[in-house]
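Peer 1: need a 3D model of the following:
(4 chains)
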There are 2 protein chains.
Amino acid sequence: MEKIDLPRRTVYRLSLYQRCLQKFRETGVETVSSEDLAGAAGVKPTQLRKDLGHVGQFGTRGLGYGVTTLSEAISGILGLSILQPVVMVGVGNLGSALLRYGGFRREGFEIIAAFDSDTEHVKSTTEEMGVPVLPVDQLAAYVQTHGVRVAIIAVPEAAGQSVADDLVEQGVKAILNFSSAVLSVPEGVMVNQVDLAAELGSICFFAS
Amino acid sequence: MEKIDLPRRTVYRLSLYQRCLQKFRETGVETVSSEDLAGAAGVKPTQLRKDLGHVGQFGTRGLGYGVTTLSEAISGILGLSILQPVVMVGVGNLGSALLRYGGFRREGFEIIAAFDSDTEHVKSTTEEMGVPVLPVDQLAAYVQTHGVRVAIIAVPEAAGQSVADDLVEQGVKAILNFSSAVLSVPEGVMVNQVDLAAELGSICFFAS
DNA sequence: TAGATTGTTAATCGATTAACAATC
DNA sequence: TAGATTGTTAATCGATTAACAATC
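Peer 2: The predicted model follows:
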């Protein structure tokens, strides 16, 4: 596996394209132009082509892109051609909502286990979530034995950093962080911060 | 109210600074340097100063920023000095998680009502959510009579655009969109797309 | 005055868009 | 061949960082 270096935003959009391609596939479309696909993803055609240009040549001039071919190519690039195992830490409001959401599997990853420090929480949620919910003190061991490399953090701010430390120590390489904690991680680990309150706060500005 | 034009990212970070300042305030700190505050927010001091430079002069050279003064100034800029009323459309997994989350109020906005198309949903959730959950066909009227300008969309993709159209028609100016629908809105309406699946998909790339 | 720290300008960086030659 | 559409280069744009003079 060649390690390509891609701009963050490009990676994000590849993920978008991938979902659109799946939809095209389901409706039986076999070929799309950069204009069609970009339209579906909400970006400019020229940007789509630029993004794809970073990783290879997939189209046929005058014709467009083969839906299946491109979709599989992108899956490969994102590392989603094999189902990616993900753990979830924190099963509060947001964590459990994400667990129930479910649509993830279609995207090429699967939340294989969730963890929480609240024992009551652990017991009451295990069945209704569809994934095992375990006490957080089993997190490290689990991550190690299952070779997990991707994690979602949805714990209160105060616990964020220590959870991240544990994860990184066991080999996790990418973290999607919903806690408002600012995580510091070593070089080579990617953190993607999603700060819902700040997101909402910032749109309020544009309403005035 | 002068209408300032700020870079999106700057607005987002102002929201971050604001939260950090509140924490400083709670712990009795009266003055912070750009280094302290930037550290707390996870950005570079120079960026913080640049961001603030967009909107005015709040500091004292050699000393730093007054916590309270700066905090109130930012609230004013973001339009959060008065509690901002927000409606939520869609009370599925994600929507209800956000409703329960609650931490929003401290940030200066309040979800005053939620809407859903599923009548069962409406009934069963109203009490447990702490806000009225109403049938979606009352959305337009409610938004208009309450002068709501900010909305959160957490409905399935297929319904996203039509909900957005209704909101915009009734005067909503800013939308935080959690549906994966690519919304098209008229000039002057701000949409902030948060695509959780794409977010997760894109970090997977960095794990390989 | 000396030390600290802001506000701001200039330099850098990265990402988006436009334009067009290559080619199916 | 003519029409369409890609792949890629160059131009633009916006955002981040470095540097430093202003000043408390």
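Peer 1: please count neighbours and contacts with C-alpha atoms only from this point.
Peer 2: Will do.
Peer 1: shaky segments in chain A?
Peer 2: Low-confidence segments of chain A, defined by pLDDT under 70: A:1-3, A:123-127.
Peer 1: which stretches in it count as helices?
Peer 2: Here chain A has its helices, by DSSP state H, at A:8-26, A:34-41, A:45-55, A:67-78, A:93-101, A:104-107, A:119-129, A:139-146, A:157-169, A:196-206.
Peer 1: DNA strand C: which of those helices is closest?
Peer 2: With Cα to the nearest atom of the strand as the measure, helix A:45-55 is the member of the helices of chain A nearest DNA strand C (4.1 Å).
Peer 1: do any residues in that closest one lie close to DNA strand C?
Peer 2: Yes: against DNA strand C, helix A:45-55 shows contacts by Cα under 7 Å from any atom of the strand at A:46-47, A:50.
Peer 1: any idea which residue sits dead centre in chain A?
Peer 2: In chain A, the residue lying closest to the centroid (Cα atoms, centre = their mean) is A:Leu176, at 7.1 Å.
Peer 1: that residue pairs with what?
Peer 2: Using DSSP bridges, the beta-bridge partners of A:Leu176 come out as A:Ile152, A:Asn192.
Peer 1: show me the contacts for it.
Peer 2: A:Leu176 makes contact with A:151-153, A:191-194, B:199-200, B:203, according to Cα atoms under 8 Å, 6 or more residues apart in numbering or on different chains.
Peer 1: restrict the residues of helix A:45-55 next to DNA strand C to those near DNA strand D?
Peer 2: A:46, A:50.
Peer 1: right, and A:Gly108 touches A:Gln84 too?
Peer 2: Yes: with contact defined as Cα atoms under 8 Å, A:Gly108 reaches A:Gln84; the gap is 6.4 Å.
Peer 1: not counting sequence-adjacent ones, nearest residue to A:Val189?
Peer 2: A:Lys173 (4.7 Å; Cα to Cα, 6 or more residues apart in numbering or on different chains).
Peer 1: does the one you found touch A:Gly147 like I think?
Peer 2: No: with contact defined as Cα under 8 Å, A:Lys173 does not reach A:Gly147; the gap is 10.7 Å.
Peer 1: still on that earlier bit, next one: the residue nearest to the centre of chain A from A:Arg149, what distance?
Peer 2: 11 Å (Cα to Cα, to the nearest Å).
Peer 1: gap between the residue nearest to the centre of chain A and A:Gly95?
Peer 2: Using Cα to Cα, we find A:Leu176 at a distance of 12 Å from A:Gly95.
Peer 1: what does A:Val87 give?
Peer 2: Going from A:Val87 to A:Gly95 by Cα to Cα gives 11 Å.
Peer 1: ditto for A:Ile152
Peer 2: Taking Cα to Cα, one finds A:Ile152 at 9 Å from A:Gly95.
Peer 1: thinking again about what came up before, which of the residues of helix A:45-55 next to DNA strand C sits closest to A:Gln57?
Peer 2: Proximity of these to A:Gln57 (Cα to Cα) peaks at A:Lys50, which lies at 10.5 Å.
Peer 1: quick one, phi psi at the residue lying farthest from the centre of chain A?
Peer 2: In terms of distance from the mean C-alpha position of chain A, A:Gly62 ranks first, at 33.6 Å (Cα atoms, centre = their mean). Dihedral pair for A:Gly62: phi 90, psi -10, per degrees, to the nearest 10.
Peer 1: list the contacts of it.
Peer 2: By Cα under 8 Å, 6+ apart, the contact set of A:Gly62 is empty.
Peer 1: quick one: contacts of the longest strand along chain A?
Peer 2: Looking across chain A with DSSP state E, the single longest strand is strand A:109-116. Residues from elsewhere that reach strand A:109-116 (Cα under 8 Å, 6+ apart): A:80, A:83-91, A:99, A:104, A:122, A:131-136, A:139, B:201.
Peer 1: give me that answer again for 6 Å
Peer 2: Residues from elsewhere that reach strand A:109-116, judged by Cα atoms under 6 Å, 6 or more residues apart in numbering or on different chains: A:83-91, A:131-136.
Peer 1: what do you get for stretch A:84-98?
Peer 2: A:109-116, A:150-155, B:93-94, B:97.
Peer 1: now do the same end-to-end measure for it.
Peer 2: Using Cα to Cα, one end of stretch A:84-98 lies 16 Å from the other.
Peer 1: can you name the residues of chain A that neighbour DNA strand C?
Peer 2: A:7-10, A:43-44, A:46-47, A:50, A:60-63.
Peer 1: rerun that using 10 Å as the cut-off
Peer 2: A:5-13, A:42-51, A:59-64 (Cα under 10 Å from any atom of the strand).
Peer 1: returning to what we had before: which one of A:Lys173 and A:Gly147 has more residues nearby?
Peer 2: Neighbour comparison, A:Lys173 and A:Gly147: the larger count goes to A:Lys173, with 25 against 14 (by other Cα atoms under 10 Å in any protein chain shown).
Peer 1: and the more buried one, what is it in contact with?
Peer 2: Contacts of A:Lys173 (Cα under 6 Å, 6+ apart): A:149, A:189, B:207.
Peer 1: most neighbours out of the residues you listed, which is it?
Peer 2: Neighbour counts for these, by other Cα under 10 Å, peak at A:Arg149, which reaches 24 neighbours.
Peer 1: find the nearest non-adjacent residue to it, please.
Peer 2: A:Val172 (4.0 Å).
Peer 1: neighbours of that neighbour, how many?
Peer 2: Neighbour count for A:Val172, taken as other Cα under 10 Å: 23.
Peer 1: how about the residues of chain A by chain B?
Peer 2: Contacts of chain A with chain B, taken as Cα under 6 Å from any Cα of the partner chain, map to A:11-12, A:15, A:42, A:78-79, A:93-94, A:97, A:173-174, A:182, A:198, A:201-203, A:205, A:207.
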